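mind folding the following:
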Amino acid sequence: MPGVGERDAPLLADLMPWSVGPLRLGRAWVVAPDAASLTARWERLVATGNEAGRAALFRPSRARTLHTSVAQLPGQRTSTARLVRADGPCPEPVRMGYGPFDQQWLIPDHRLIDAARPELWRVADDRQIHVVEAGAGPGAGTGDEPVLTFSAPLPDGWSAAGRPGRIRPLYRRPGGLEPNVAPGLLDHLGGRLGRAVPAEDLLAWTAAVAHAAPCAVPLTADPEVWAQGVELGRRVLWLHTRGAHSGERPRMPGGRRPYVRAALPARGLPDSLHYDPEAGALHLGEGRISPVPRGAWEFRTQGVRVLESWFERRTARGEPGTLEAVVPTVWPSAWTSELLELITVLALLAELRPRHRELAARLKDGAPLITAAELRASGVLPVPAACRRPASVLDHHEEGPEGQFALL
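The predicted structure follows:
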């Protein structure tokens, strides 16, 4: 939404000051679109008794080898013994946000991940929403492409184009405690708008109006415009997070709901994906799904078509002999359900674009704004340096390397 609120709009980096860099997995085999592949990969790794053979499968890096000793990830019950002697079952995979609008499975074992960002795991719970700010690149914050995405599961923080972004949790502590918001900002907004402004409403407003790179968030002082933006942003958050905090999954209205019209092949994976705009149909090899609105097919982030990226990640073949090559031999039915929901999410988000443009026009055409200069004059900005660092979270046990207690 170029041109929105150009009058000294504050940056998201100041409004939500604590951010964390993206996860660095270090090895591709620890994440997969299905949990069964991860279990099979782990079993193959620990069944390899020869250390050199196990190392070749593991793929050591400067940060992680078979002899690296690290603490557990917060909230996970994984072994902390060195991988060179690891055995037993695979740690239970967890859901994660994998790039914009995709969710995959991760083995949550700190010994396998180069930079897992434990500070994020400490505050990841069923109240949390993660804001992912895309890195600079083609399409970032331009046209209708979103500059922010939102995830209920812990996200990896990378863009669809493979560029690193920033992860900003809504809360600094578990249980929805201590919003990651500049001190005094919510009170200042409440005073100007004449109503209480909870952190969730600020996040919804951000989802409705954020633009550009670096991300700017124009703030209105008009209560009517604010209410319009918050309502729109709540819808955006609900779609991005698949209704995670509402108990209601996104669905298209009856008659427009996508269905499988021709079954995917019973053997192997589809080798092609294409869209028929006249029929409004998505073809996966011999399979066919319709109706699929053009808005869902054309939905892009940083120039990358979301549906194509999603499909490519599920049909990619790893190099033979590697753990990445351990993938499903048939298309799992769960992927079809995920695809139908993704089509729904993208279609409904595309339908919101006129409302985004209307709101942008109201902000641009004279709606009173709360500028960064006003926030500096009121003492909200600049934020204290401590707000850009994680909070101390000491309310649960974390096992250190080799079973020792971790001191935080």
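
please count neighbours and contacts with C-alpha atoms only from this point.
Will do.

how about the CA coordinates for stretch 97-115, as CSV?
Only the C-alpha atoms of stretch 97-115 are listed here, as CSV (Å, rounded to 0.1, in the frame of the first residue of the first chain):
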residue,chain,number,x,y,z
GLY,A,97,5.6,-21.6,10.4
TYR,A,98,7.8,-22.2,7.4
GLY,A,99,8.0,-19.1,5.3
PRO,A,100,4.9,-17.0,4.5
PHE,A,101,1.6,-18.9,4.6
ASP,A,102,3.2,-22.4,5.0
GLN,A,103,3.2,-24.7,8.0
GLN,A,104,5.5,-27.7,8.3
TRP,A,105,7.0,-30.0,10.9
LEU,A,106,10.2,-29.6,12.8
ILE,A,107,12.2,-31.9,15.0
PRO,A,108,12.5,-29.6,18.1
ASP,A,109,16.0,-30.9,19.1
HIS,A,110,18.5,-28.2,19.9
ARG,A,111,21.4,-30.5,18.9
LEU,A,112,20.1,-30.5,15.3
ILE,A,113,19.5,-26.7,14.8
ASP,A,114,22.3,-24.2,14.3
ALA,A,115,20.4,-21.2,15.7
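
ok now it, how far from the chain's centre?
Centroid separation between stretch 97-115 and its chain, computed with C-alpha atoms, centre = their mean, to the nearest Å, is 11 Å.

what's near enough to touch the residue located most distally from the centre of the chain?
Farthest-out residue of the chain from its mean C-alpha position, per C-alpha atoms, centre = their mean: residue 50, at 37.5 Å. Taking C-alpha atoms under 8 Å, 6 or more residues apart in numbering as the definition of contact, residue 50 has no neighbours.

measure it to residue 107 for me?
22 Å (C-alpha to C-alpha, to the nearest Å).

how about the backbone phi and psi for residue 330?
The phi/psi pair for residue 330 (degrees, to the nearest 10) reads phi -130, psi 160.

hmm, it is touching residue 264, no?
No: the pair residue 330 and residue 264 does not pass the contact test of C-alpha atoms under 8 Å, sitting 9.4 Å apart.

with neighbour numbers in mind, choose between those two.
residue 264 (22 against 13; other C-alpha atoms under 10 Å).

so what's that one up against?
Residue 264 neighbours (C-alpha under 8 Å, 6+ apart): 270, 284-288, 331.

determine which two of those are furthest apart.
288 and 331 (13.6 Å; C-alpha to C-alpha).

that older thread, gap between the residue farthest from the centre of the chain and residue 333?
36 Å.

likewise residue 82?
Taken as C-alpha to C-alpha, the span from residue 82 to residue 333 is 36 Å.

ok, now residue 161?
27 Å.

let me know how buried residue 283 is, in neighbour terms.
20.

and it, what's its pLDDT?
Note for residue 283: predicted pLDDT of 98.

same question for residue 140.
So residue 140 comes in at 53 (pLDDT).

now residue 255
87.

and residue 234, by the same measure?
For residue 234, pLDDT reads 98.

run a quick neighbour tally on residue 386.
Quick note: residue 386 (other C-alpha under 10 Å) scores 10 neighbours.

hmm, I was thinking of residue 243
If we define neighbours as other C-alpha under 10 Å, then residue 243 has 15 of them.

so it: helix, strand or coil?
The three-state label given to residue 243 by DSSP: H, G, I helix; E, B strand; the rest coil is coil.

in what helix or strand does the closest residue to it other than its chain neighbours lie?
Spatial nearest neighbour of residue 243, excluding adjacent residues (C-alpha to C-alpha, 6 or more residues apart in numbering): residue 249 at 4.9 Å. Per DSSP states H and E: residue 249 is located in neither a helix nor a strand.

I'd guessed residue 249 sits against residue 241; true?
No: counting by C-alpha under 8 Å, residue 249 stays clear of residue 241, with 9.2 Å between them.

pLDDT weak spots in the stretch 301-408 of the chain?
By pLDDT under 70, the weakly predicted segments of the stretch 301-408 of the chain are 394-408.

I meant to write the stretch 151-300 of the chain there.
Ranges of the stretch 151-300 of the chain meeting pLDDT under 70: none found.

swap the cut-off to 80 and go again
266 (pLDDT under 80).

ranges for the strands of it?
166-169, 171-173, 177-179, 219-220, 259-262, 273-276, 281-284, 287-290, 300-301 (DSSP state E, counting those that start in this stretch).
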